[in-house]
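>>> need coordinates for the following:
(2 chains)
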Protein chains: 2
Amino acid sequence: MQRYELPIKKPIFANLQAMAVVPNGHDTAAGHYNERQMKISERITGMASSPIRKLTPLADKAKAKGIRIYHLNIGQPDIKTPAKGLESLRHIDRTVLEYSPSQGFLSLRRKISEYYAGYGMDYSPEDITVTTGASEAVLFAFLTCMDPGDELITTEPTYANYLAFADVAGVKVKTLKTHIENDFALPEVEHFEELITDRTKAILICNPNNPSGTLYGRKEMKMLADIVHRHGLYLFSDEVYREFVYDGQEYFSAGHFPEIAENTVLIDSFSKRYSECGIRVGALITKNKAITQGVLKLCQARLSPPLLGQIVAEASCGEDSAYLENVIGEYDKRRKVLIRELSAIPGVKVSTPHGAFYAMAALPVDDAEKFCSWCLSDFSYEGESVMMAPANGFYITPGLGANQVRMAYVLKSEDLQRAAFLLGKALEQYPGRIL
Amino acid sequence: MQRYELPIKKPIFANLQAMAVVPNGHDTAAGHYNERQMKISERITGMASSPIRKLTPLADKAKAKGIRIYHLNIGQPDIKTPAKGLESLRHIDRTVLEYSPSQGFLSLRRKISEYYAGYGMDYSPEDITVTTGASEAVLFAFLTCMDPGDELITTEPTYANYLAFADVAGVKVKTLKTHIENDFALPEVEHFEELITDRTKAILICNPNNPSGTLYGRKEMKMLADIVHRHGLYLFSDEVYREFVYDGQEYFSAGHFPEIAENTVLIDSFSKRYSECGIRVGALITKNKAITQGVLKLCQARLSPPLLGQIVAEASCGEDSAYLENVIGEYDKRRKVLIRELSAIPGVKVSTPHGAFYAMAALPVDDAEKFCSWCLSDFSYEGESVMMAPANGFYITPGLGANQVRMAYVLKSEDLQRAAFLLGKALEQYPGRIL
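Below you'll find the predicted structure:
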């Protein structure tokens, strides 16, 4: 390989005694240091990369070659943000973009309280902490309720980022397997109870579920309420897809069960409801005062949630209810399109989601991660390809979900149709196809 | 006490079997659970509350009584955000407020790279990760570079929120005392080396320093560079007040020392530079690829930094250099006003800060936290009072700084003068005054 002379930038303080950069570890001219020094943490080394975003470098390369990529990998809707939200920015009359209160603006917490009243839940503004997205709410719930070595029970496949936050909190995640064959139904009570030990502090549920799209109804939520009540566990209920429920199903929140008011921590977000993922505004909601006070310490440490996002979120709450009805109708249409198109591809098995905007599919391939990578690096059809999230990253048990992918039906119907078409073409050409 | 009949909200799912809320721990009708269950974490129980914000409830009460409070407790400038930053919101042409890339917009990272070039530092956009404020940059640096049980060395008094993030990371903080008598000068090399053990992974420095306002010059920074180089330690250098340097002093960044390029992690923020603390946009900057890649895992887990804040930050970079010159001149003026006014109060000893916008003062009181609380709850003069941050929260060693407060000179000169006047009046009346 040819070598090029790179222009060398001269440090401006050239008279400082410059020494060669020291490689990691061992004896150096400068002294001795041990194996662990200048090594990043085991916590991070052992942390899995996000299955939703880890193939992004391959997608970027494909785009650089001029290939159009249909993104089914990430729950980034193309639905418009409420006009009132956007208008609030255009008419901003502040001259200083200052810190907001650590727990969020009271005016926004009042709006959230009103929103919950509409769902028949009585949460006062004092029960509500505004967070930097639901992500921060999950992290703060984990940090506040669990110590290193404590155990958390959830289902798998699970939202992969929970695992990263559990790693940060030093918490052990124990999982119950759910299966594509029965649309990832919640396991029975005895399976949960088998996992409970002296170190178990909480159950985490995502309803409607990301990544499976499964909706847990009244029976399932009552079962969970009974378990956490009986065993004195916290119930973290991530309900950011609360609105997105189809087929005439009714929604039951963990907040609808008064007997577990002290156990329950709701995780919420404006991201999906109002198609404003970028504003980074979520909420942690609980009647448990000890948790709220503990969370406040973390909130104060990070000073405040995003000011501008809160302004948009509050304005979005004033949007006409027709906005959400339209959005839900649109997702329902897309869901049907995706399921129909995927079901028509030979060898593809797709689950039937009743909530959120994700579907899991089993593909006739040797390894879904390899296939998803191949779609970006080695495949295109008429200058286009498709990006999906390999499902192995949503499972904890090694080997599970190896032939599955998660797809977000957040693109408009024509694009979903085209993406499914491209997937079919890719499967025809993929060398690792299993017949 | 009289009892009132409160209107009872009927749960909408009244036919669910409602049970009484279970008190913490022990046997219940529902079963048995252990002492640790339904208890928040020891990590949070043991975490100190922010000294900057913990008296906020008292301030809120005073305000509710109609008392005007001068806030010297928090570094929230009244300086206007750059017009270009605000204009970027008024002209926003997006219809969907979507996620941004996990490591931040490339266009913003390019601006940051250009900004560093102006300081003679060669950081490419790939070396720069956009974070949700400098707070997140600190947390991510800790989590990525240190495991639980590892040790971090810093000076005290220290920025209190570092301690909360160290608690989250499970890291032990070891401190070197600095003293108001010599304007909190950096201790000599042997004091640092005495603290280094096999578990020491990093030194953390804040320059110019919050809370002391001390500026570490070339000699001090070179000493730190030598130490981290010799011992194979990371150097976390929080430089969010980089611009705010007075008395003709020159600024030396940890990034100016090429021999520690792999050791150095710079923490940066737009908050103070452009008086836009609310946008929550900071940055973690390092040439160490392993750290950048590790940090990316955490960035992907929390999806993305604030979209709107990044738009404002990028637009603010286009502001005329006169903006910052004016701001620095204004702070310098305020600094002189505050020092002059405080020095004139009998019994008050104030340090001379050469950077940032904080000053530490020793007060003639029994206990500065009691005094600060008293100023809010029991004192007012002509309907006004003053809020300061008790300095004990910035010290780790119990007992240190008990008579000290941190003051931010972020208010305009007339207000600072008035605040100092009110402090004098409060000291005259305070029952715990030490003569």
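
>>> how many neighbouring residues does A:Ala64 have?
8 (other Cβ atoms under 10 Å in any protein chain shown). Using the backbone N, CA and C atoms, a C-beta is placed for each residue, glycine as well.

>>> how about the contacts made by A:Ser212?
Counting by Cβ atoms under 8 Å, 6 or more residues apart in numbering or on different chains, A:Ser212 touches A:157, A:178, A:183-184, A:351, A:353, A:358, A:360.

>>> if you set the cut-off to 7 Å instead, what comes out?
Neighbouring residues of A:Ser212 by Cβ atoms under 7 Å, 6 or more residues apart in numbering or on different chains: A:157, A:178, A:184, A:351, A:353, A:360.

>>> same check on A:Gln76?
Contacts of A:Gln76 by Cβ under 7 Å, 6+ apart are A:277, A:410, B:98-99.

>>> let's have those residues in a markdown table, adding pLDDT.
Shown next, in a markdown table, are the contacts of A:Gln76 (pLDDT from 0 to 100):
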| residue | pLDDT |
| --- | --- |
| A:Cys277 | 97 |
| A:Val410 | 91 |
| B:Glu98 | 96 |
| B:Tyr99 | 95 |
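
>>> if you rank those by neighbours, which is first?
A:Cys277 (26 neighbours).

>>> how about that residue, what does it touch?
A:76, A:271, B:98-99.

>>> how near is it to B:Leu303?
Noted for A:Cys277: a distance of 7 Å to B:Leu303, by Cβ to Cβ, to the nearest Å.

>>> so what sits against both of these two?
Common neighbours of A:Cys277 and B:Leu303 (Cβ under 7 Å, 6+ apart) are B:Tyr99.

>>> does A:Gly248 count as helix, strand or coil?
At A:Gly248, secondary structure determined by DSSP: H, G, I helix; E, B strand; the rest coil is coil.

>>> now do the phi/psi pair for it.
phi 70, psi 20 (degrees, to the nearest 10).

>>> can you list contacts of the longest helix along chain A?
For chain A, the helix that runs over the most residues, judged by DSSP state H, is helix A:321-343. Residues outside helix A:321-343 that contact it (Cβ under 7 Å, 6+ apart): A:79, A:82, A:243-244, A:246, A:348, A:350, A:352-353, A:357, A:359, A:361, A:407, A:409, A:413, A:416-417, A:420.

>>> pull that helix out as PDB, backbone CA atoms only.
C-alpha atoms of helix A:321-343 as PDB (Å, rounded to 0.1, in the frame of the first residue of the first chain):
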ATOM      1  CA  SER A 321     -57.900  15.100  19.900                       C
ATOM      2  CA  ALA A 322     -58.400  14.500  16.100                       C
ATOM      3  CA  TYR A 323     -54.600  14.600  15.800                       C
ATOM      4  CA  LEU A 324     -54.100  11.400  17.800                       C
ATOM      5  CA  GLU A 325     -57.200   9.700  16.300                       C
ATOM      6  CA  ASN A 326     -55.700  10.300  12.800                       C
ATOM      7  CA  VAL A 327     -52.300   9.100  13.900                       C
ATOM      8  CA  ILE A 328     -53.600   5.900  15.400                       C
ATOM      9  CA  GLY A 329     -55.700   5.200  12.300                       C
ATOM     10  CA  GLU A 330     -52.700   5.800  10.100                       C
ATOM     11  CA  TYR A 331     -50.600   3.300  12.100                       C
ATOM     12  CA  ASP A 332     -53.300   0.800  12.100                       C
ATOM     13  CA  LYS A 333     -53.400   1.000   8.300                       C
ATOM     14  CA  ARG A 334     -49.700   0.600   8.100                       C
ATOM     15  CA  ARG A 335     -49.700  -2.300  10.400                       C
ATOM     16  CA  LYS A 336     -52.200  -4.100   8.200                       C
ATOM     17  CA  VAL A 337     -50.100  -3.300   5.100                       C
ATOM     18  CA  LEU A 338     -46.900  -4.600   6.700                       C
ATOM     19  CA  ILE A 339     -48.400  -7.800   8.000                       C
ATOM     20  CA  ARG A 340     -50.100  -8.500   4.700                       C
ATOM     21  CA  GLU A 341     -47.000  -7.900   2.600                       C
ATOM     22  CA  LEU A 342     -44.700  -9.800   4.900                       C
ATOM     23  CA  SER A 343     -47.100 -12.700   5.100                       C
END
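
>>> check what contacts the helix or strand following that helix and list those residues.
Where DSSP states H and E defines the elements, the next helix or strand beyond helix A:321-343 is strand A:349-350. The contact list for strand A:349-350, computed with Cβ under 7 Å, 6+ apart, reads A:180, A:339, A:342-343, A:359, A:361-362.

>>> now a ChimeraX select for only the buried ones of the contacts of helix A:321-343.
Listed next is the ChimeraX selection for buried residues among the contacts of helix A:321-343, using 16 or more other Cβ atoms under 10 Å in any protein chain shown:
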select /A:79,82,243,244,246,348,350,353,357,359,361,407,409,416,417,420
